[in-house]
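**Student:** Provided below for reference: sequence and predicted model.
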Amino acid sequence: MTRRTRSRLTRFTRREVAPVVQAAFPMAGPLVKINGAITFYLENKEKVEEYLKDQERLWEALRKEHPKSDDPLTKRLREAKAHAALRRS
């Protein structure tokens, strides 16, 4: 499950309805898919939450194993990403 999916689930757990989620995430697809994802989540909430916790633990371990690099190319890529994000907002 991606962070984007996690964000969609968070919106649902805040009691936002499928059309609101669709407006916030147009790439999520038609309402039938969003409602299907919500249904799956409700029917498997414990498993989904455990999966998400496992993913966070894995990402944290990866971050510790591979800290941010300070080499010039990585720095330029981060700056370009930040600049692009500013232009989108």
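**Tutor:** Alright, I've got the coordinates. Residues are numbered from 1 along each chain as shown.
**Student:** Next secondary structure element downstream of the helix or strand hosting residue 46?
**Tutor:** If you go by DSSP states H and E, residue 46 is part of helix 45-65. Downstream of helix 45-65, the first helix or strand assigned by DSSP H and E is helix 72-88.
**Student:** What average pLDDT does the helix holding residue 46 get?
**Tutor:** In this model, helix 45-65 has an average pLDDT of 93.
**Student:** what separates the residue of the chain positioned farthest from its centre from residue 63, distance-wise?
**Tutor:** Most distant from the centre of the chain: residue 72, at 28.3 Å, with distances by C-alpha atoms, centre = their mean. Computed as C-beta to C-beta, to the nearest Å, the residue 72 to residue 63 distance reads 21 Å. Any C-beta I mention is one placed from the backbone N, CA and C, and that applies to glycine too.
**Student:** now swap in residue 48 and tell me
**Tutor:** Distance, residue 48 to residue 63, using C-beta to C-beta: 23 Å.
**Student:** The host helix or strand of residue 35: which residues count as buried?
**Tutor:** Here residue 35, judged by DSSP H and E, is contained in helix 31-43. Judged by neighbour count (16 or more other C-beta atoms under 10 Å), helix 31-43 contains these buried residues: 34, 37, 38, 41.
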